[in-house]
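Participant: I would like to see how this sequence folds:
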Amino acid sequence: MASSLRNTLAAFTGVSLLLWMQLYQSDLWQTQGEHELLVSAAKDQKLDSAKSLQSIGQSQPGRHLLSEEDKSKLKSFGVKKLRKIFKPFFNTQTKTQIMDSLKVLTDALDVAGVEYFMYGGSLIGSWRHHDIIPWDDDIDIIVNISDWRSIESINISGYTLNIRTLNRYKFYSNNATDIPGYFWKWPYIDVCFFGDNGTHLFDMDPNFSKTFLYDKADVFPLKRRPFGKLNLKTPKNTEKILNQNYDISECETRAYDHQRQKSLHKENITTIDCRLLHRIYPFAFRSSLDKAEESVYLDHRLIKTVNLNAIQS
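Facilitator: So this is what the prediction gives:
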């Protein structure tokens, strides 16, 4: 057995999900102290707490006045150019298709008693927009690796759960579009897996295990949050979970094209202060007095207000 989990992860980078399952069922993940390095690494990745307090969605939009530098950037980009750079990827048909798939999958997981929660960019979308990030092109959820048999038993007419992919499964409508050279379709939902060492949850993908590592006290009990027309499960402390790996005050264009399964060149990736997009896309804001109430604004126009306590079940 490897002397540390770091060595283990390095040794098994790129292994199949089946092997990860075998590792999970062994004592490899139970060895005392093997996650100490990972816990430390995860803490090192946390963003400065003062910066996180300025993250998007803390208060009403009027309080997020642009600095002179930001105003200069907005003038330089222009709304028209920003719309082009951060243009929506889904059309009406494909967004409806993936959201329908998401509802079917999460309903099936609820019936099967499998805990899931929104993850990655989709969790950001729920926090910032109450929806998919407008320019995103897939959806991510994560489930416990110990539930893999229950997940594989899900059989829904008209949908496919592809289990032949490394590190994560893919769920999609049979009417989705073929991806040339690949044996799954787009748009799809990535079903990621987490392990549990008793105190922390960690992404089972070895590329993310060292930094996507979360204190269970920040995750459970799960809480429902808005995601489009759905109210889906998310970590108890979503903001803290997100701030560990992302700067949620920044909006970044896609780094990966899921429809074509290819990474995008770094020079084609744009990162800006999200406030520059307030006039273009809806953003969620939170009252400093009542954290249970969230309001979605497009520019200064109120779209909706949601009381999170009212959607828990």
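Participant: mind listing the helices for the stretch 201-313 of the chain?
Facilitator: For the stretch 201-313 of the chain, the helices defined by DSSP state H, counting those that start in this stretch occupy 216-219, 238-245.
Participant: out of these, which comes closest to Asn91?
Facilitator: Between Asn91 and the helices of the stretch 201-313 of the chain, the tightest spacing by C-beta to C-beta is seen for helix 238-245, at 27.6 Å. For glycine as for every other residue, the C-beta is placed from the backbone atoms N, C-alpha and C.
Participant: what about dumping the CA coordinates of the closest one to CSV?
Facilitator: Provided in CSV are the C-alpha atoms of helix 238-245 (Å, rounded to 0.1, in the frame of the first residue of the first chain):
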residue,chain,number,x,y,z
THR,A,238,-22.5,26.7,-0.8
GLU,A,239,-20.6,30.0,-0.6
LYS,A,240,-17.7,28.5,1.4
ILE,A,241,-17.5,25.5,-0.8
LEU,A,242,-17.3,27.6,-3.9
ASN,A,243,-14.8,30.1,-2.5
GLN,A,244,-12.4,27.2,-1.8
ASN,A,245,-11.8,26.6,-5.5
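Participant: packing partners of it?
Facilitator: Counting contacts by 3 or more C-beta pairs under 8 Å, 6 or more residues apart in numbering; DSSP states H and E, helix 238-245 packs against helix 120-129, helix 216-219.
Participant: CSV please, covering those and showing mean pLDDT.
Facilitator: Converted to CSV, these look like this (pLDDT from 0 to 100):
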stretch, mean pLDDT
helix 120-129, 98
helix 216-219, 98
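Participant: which of the ones you listed sits closest to Met99?
Facilitator: The nearest among these, by C-beta to C-beta, is helix 120-129 at 11.3 Å.
Participant: can you give the distance of the next helix or strand after that closest one from its chain's centre?
Facilitator: Next helix or strand after helix 120-129 toward the C-terminus (DSSP states H and E): strand 139-144. The chain centroid and the centroid of strand 139-144 are separated by 8 Å under C-alpha atoms, centre = their mean, to the nearest Å.
Participant: winner for burial among the helices of the stretch 201-313 of the chain?
Facilitator: Highest mean neighbour count of the helices of the stretch 201-313 of the chain: helix 238-245, a mean of 20 (counted as mean count of other C-beta atoms under 10 Å).
Participant: before we move on, the earlier item: out of the helices of the stretch 201-313 of the chain, which comes closest to Gly228?
Facilitator: Using C-beta to C-beta, the helices of the stretch 201-313 of the chain put helix 238-245 closest to Gly228, at 16.3 Å.
Participant: quick one, strands of the stretch 1-150 of the chain?
Facilitator: 116-118, 139-144 (DSSP state E, counting those that start in this stretch).
Participant: quick one: average pLDDT of the first one?
Facilitator: Right, strand 116-118. For strand 116-118, mean pLDDT rounds to 99.
Participant: the longest one too?
Facilitator: For strand 139-144, mean pLDDT rounds to 98.
Participant: quick one: neighbours of the closest residue in space to Lys103 that isn't next to it in sequence, just the number.
Facilitator: Using C-beta to C-beta, 6 or more residues apart in numbering and skipping residues adjacent in sequence, the residue nearest Lys103 is Leu230, 6.0 Å away. Using other C-beta atoms under 10 Å, Leu230 is surrounded by 17 other residues.
Participant: ok, now which ones touch Leu230?
Facilitator: 99, 102-103, 106 (C-beta atoms under 8 Å, 6 or more residues apart in numbering).
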